[in-house]
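Asker: Output the structure for:
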Amino acid sequence: MKSAILENGEDYYTDMKKLFNKMENFQTDFNWLITNLETNIPFKYKEYNRNNYLWVSGDEFTELVNECTVTLQFIWAVCSGFSKDIGLDDILKRELPYADGNPDFWKPTVNIQHPLADIEIVAWDCTSTLFMSRDKYLVKRFMKKFQRAQNLEIYNREVRDKYLV
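Answerer: Below is the predicted model:
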C-alpha cells in the first residue's frame with residue numbers, strides 16, 4: 001500500500017472536483033463510502049444526515065461534486081473507494097472510517113482504515129489531503145499530478161525525527 005500527503009501549493013484543501021479532473025476521473029471505477037464529512041457549505045443529502053455516511057457510485061460522487069454552484073471544500077472527510085462487487089452490507093459490518101482525531105495517519109506505517117477498501121482519500125481539517133491506495137500506480141499518478149505531494153510514510157518519519165531531536 002502506498003500513501004501521499006498534499007499540504008502545499010493549493011488554494012485550499014480538499015478540492016474533490018480538482019482532484020477528480022487531474023486524476024482523469026478515476027473515481028468512476030469505484031463505489032464510495034463517505035464518512036466523517038464536514039464541508040464549507042451545508043450538506044443537504046438526507047441519506048448522509050440520517051446515517052452519518054453516504055454510499056454512492058463513482059458517477060454519483062462526480063455529480064455530487066460537480067453540481068455545486070460554489071466551490072465545495074471538504075474540510076473533514078474520509079472517502080473510501082471500494083470495488084463495485086463489494087456490497088454495502090459487507091462494508092457496514094466494520095467500524096466506519098474517520099478523520100477527525102484519528103492518530104493512525106501519522107504513524108510510520110499508514111494503512112487504509114476499512115479492510116475492504118482499495119483507496120482512501122482523507123480531507124484533514126482544511127490543511128491537507130491524504131491519498132492512500134493499494135494500487136501504487138494510482139498514488140504515483142496523484143503525486144505526479146500534484147507535484148508538491150509527498151510520500152506520507154517518509155513525511156511521518158521526517159516529522160517524528162524532527163521532534164525527537
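
Asker: rest of the way, CA atoms for contacts and neighbours
Answerer: Fine.

Asker: May I ask which helix or strand encompasses the most centrally placed residue in the chain?
Answerer: Central residue of the chain (Cα atoms, centre = their mean): residue 121, 1.2 Å from the mean position. If you go by DSSP states H and E, residue 121 is part of strand 119-124.

Asker: Adjacent strands (with direction) for that strand?
Answerer: Sheet pairing here is set by DSSP bridges, and for strand 119-124 it gives strand 74-82 (antiparallel), strand 128-133 (antiparallel).

Asker: So for it, mean pLDDT?
Answerer: Strand 119-124 shows a mean pLDDT of 98.

Asker: One more: stretch 93-111?
Answerer: 94.

Asker: One more: stretch 143-152?
Answerer: Average pLDDT, stretch 143-152: 97.

Asker: do stretch 3-18 as well
Answerer: 93.

Asker: picking that back up, which of the strands paired with strand 119-124 sits closest to residue 10?
Answerer: strand 128-133 (9.2 Å; Cα to Cα).

Asker: Following element in sequence after that closest one, please.
Answerer: Once the chain leaves strand 128-133, the next helix or strand it forms, by DSSP H and E, is helix 136-145.

Asker: what inclination does that next one have with respect to strand 128-133?
Answerer: Per axes from the mean of the first three to the mean of the last three Cα atoms, to 10 degrees, the angle that helix 136-145 makes with strand 128-133 is 150 degrees.

Asker: Contact partners for residue 122?
Answerer: Residue 122 is in contact with 76-79, 99, 129-131, counting by Cα atoms under 8 Å, 6 or more residues apart in numbering.

Asker: err, residue 73, not the other one
Answerer: Taking Cα under 8 Å, 6+ apart, we find residue 73 in contact with 12-16, 39-41, 126.

Asker: that older thread, output the strand holding residue 121 as CSV - backbone C-alpha positions only.
Answerer: What follows is strand 119-124, C-alpha atoms only, in CSV (Å, rounded to 0.1, in the frame of the first residue of the first chain):
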residue,chain,number,x,y,z
ILE,A,119,-8.5,3.5,-1.8
GLU,A,120,-8.9,6.2,0.8
ILE,A,121,-8.9,10.0,0.4
VAL,A,122,-8.9,12.0,3.6
ALA,A,123,-9.7,15.6,4.0
TRP,A,124,-7.7,16.7,7.1
